[in-house]
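Participant: Below is the sequence, then the predicted model.
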Amino acid sequence: MRTRRSFLLALARGLAVLVVPATLPAQDDAGKVVREVGFDQKLGELLPLSLRFHHDSGRELTLGDLFGMRPVILAPVYYRCPMLCNQLLNGLTRSLKPLSLDAGKDFDVIAVSIDPSEMPELAAKKKANYLERYDRPGTESGWHFLTGEPPSIAELTRAIGFRYRYNPRTRLYAHAAGVVVVTPDGRLARYFYGIDFPAKDLQAELERARTGRVGSPIGRLLLLCYDYDAATGKYTLSILRLIRILGTATALALGSFLFMMLRKERRQPRQAPAERAIM
């Protein structure tokens, strides 16, 4: 009995140690980014379709030029992103491949760079890469990689609830990962967060948006992209959050185990002194 109690007490002390890194505040800068960066859902709101952007083909157009016929998957990214943006576009392309719907016929994909320094030439290279991954000949007209001026980028990202922050020291952006399904007339219909999108859900939302219907809000679990400082060895914000989540989950699991063991111990009948002596 004493051995079991000693084990449980040791486990409790270990649990306390595990909880500490899970609940410690992040580095000051990372904590500020968490407050400033996000992807807010603005379902049913109309995009500012008069905004002007540069198409990957080099021509200038309004956002509305790409709407009116089909639902759209809108992806706010930037093409030089060393982390999440590539993973997001990879995941989106992977999810689109098994669909019975075709880009350019049943829906369009619009990627918009949040970096005003990026030019159509870079956008065209990115588009070519993902057209090759998508591997459906004749769908080129359904993919649009845009760049733009700061006012247009700011107004569009504000309209879809995409909040990000630029780090002038590293020249990188802290931002969330996700896409928005938009109706043909430009209304925000459904948000998908992360970098992996269930093909079945994506197809259902595209078909719903095609008829002008707006979906429901989804749970808020954001994957954030943040720069890594090799000089200081600080974690990226995404890794820091992952460590916290895993630490909290481990602490909760051990806490539940500890509670059940202590409860079981209290329920067991104690032996009388005479019985212990005989034994």
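Facilitator: Received the coordinates, thanks.
Participant: Just the element for R133, please.
Facilitator: Using DSSP states H and E, R133 sits within helix 120-134.
Participant: And that helix, what does it pack against?
Facilitator: The contact analysis (3 or more Cβ pairs under 8 Å, 6 or more residues apart in numbering; DSSP states H and E) places helix 120-134 against helix 84-96, strand 108-113, strand 143-146. No exception for glycine: its C-beta is placed from N, CA and C like everyone else's.
Participant: among these, which gets the worst mean confidence?
Facilitator: Of all those, the segment with the smallest mean pLDDT is helix 84-96, scoring a mean of 94.
Participant: all strands for the stretch 151-279 of the chain, in order.
Facilitator: Secondary structure of the stretch 151-279 of the chain (DSSP state E, counting those that start in this stretch): strands at 162-163, 165-167, 172-176, 178-182, 188-193, 224-225.
Participant: isn't F162 right up against P76?
Facilitator: Yes - contact criterion Cβ atoms under 8 Å: F162 and P76 qualify, at 4.7 Å.
Participant: which neighbours do those two share?
Facilitator: Counting by Cβ atoms under 8 Å, 6 or more residues apart in numbering, the residues touching both F162 and P76 are 114, 175.
Participant: who has more neighbours, those two?
Facilitator: When F162 and P76 are compared for neighbours, P76 comes out ahead with 25 against 22, by other Cβ atoms under 10 Å.
Participant: Let's verify that one: helix, strand, or coil?
Facilitator: Recorded secondary structure, P76: strand (DSSP: H, G, I helix; E, B strand; the rest coil).
Participant: Then the one 3 residues further on?
Facilitator: Taken by three-state DSSP, the conformation at Y79 corresponds to coil.
Participant: For this protein, give me the ranges with low pLDDT.
Facilitator: Scanning the chain with the threshold set as pLDDT under 70 gives 1-34, 219-279.
Participant: Could you list the domains of it?
Facilitator: Listed by automatic domain parsing, the domain ranges of the chain are 2-27+234-278, 31-225.
Participant: returning to what we had before: buried deepest among the strands of the stretch 151-279 of the chain, which one?
Facilitator: Highest mean neighbour count of the strands of the stretch 151-279 of the chain: strand 178-182, a mean of 26 (counted as mean count of other Cβ atoms under 10 Å).
Participant: what lines up beside it in the sheet?
Facilitator: If you go by DSSP bridges, strand 178-182 pairs up with strand 72-77 (antiparallel), strand 188-193 (antiparallel).
Participant: Nearest to V182 among the helices and strands packed on helix 120-134 would be which one?
Facilitator: The closest of those to V182 is strand 108-113. By Cβ to Cβ, the value is 8.4 Å.
Participant: Pull out the buried positions in that closest one.
Facilitator: By 16 or more other Cβ atoms under 10 Å, the buried positions in strand 108-113 come out as 108-113.
Participant: so what strands line up beside that strand?
Facilitator: Sheet partners by DSSP bridges: for strand 108-113, these are strand 72-77 (parallel), strand 143-146 (parallel).
Participant: could I have stretch 41-61 exported to CSV, CA atoms only?
Facilitator: C-alpha atoms of stretch 41-61 as CSV (Å, rounded to 0.1, in the frame of the first residue of the first chain):
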residue,chain,number,x,y,z
GLN,A,41,-15.0,34.1,-40.0
LYS,A,42,-17.2,36.7,-41.8
LEU,A,43,-19.7,34.4,-43.3
GLY,A,44,-22.3,35.9,-45.7
GLU,A,45,-20.3,39.1,-46.2
LEU,A,46,-19.6,40.4,-49.8
LEU,A,47,-16.1,40.7,-51.1
PRO,A,48,-15.0,44.1,-52.4
LEU,A,49,-15.0,43.0,-56.0
SER,A,50,-13.9,46.3,-57.4
LEU,A,51,-10.4,45.9,-56.0
ARG,A,52,-7.6,45.8,-58.6
PHE,A,53,-4.9,43.1,-58.7
HIS,A,54,-2.2,41.8,-61.1
HIS,A,55,-2.9,38.4,-62.6
ASP,A,56,-0.2,35.8,-63.1
SER,A,57,-0.6,36.4,-66.8
GLY,A,58,0.6,40.0,-66.3
ARG,A,59,-2.7,41.7,-67.0
GLU,A,60,-4.4,44.0,-64.5
LEU,A,61,-8.0,43.1,-63.5
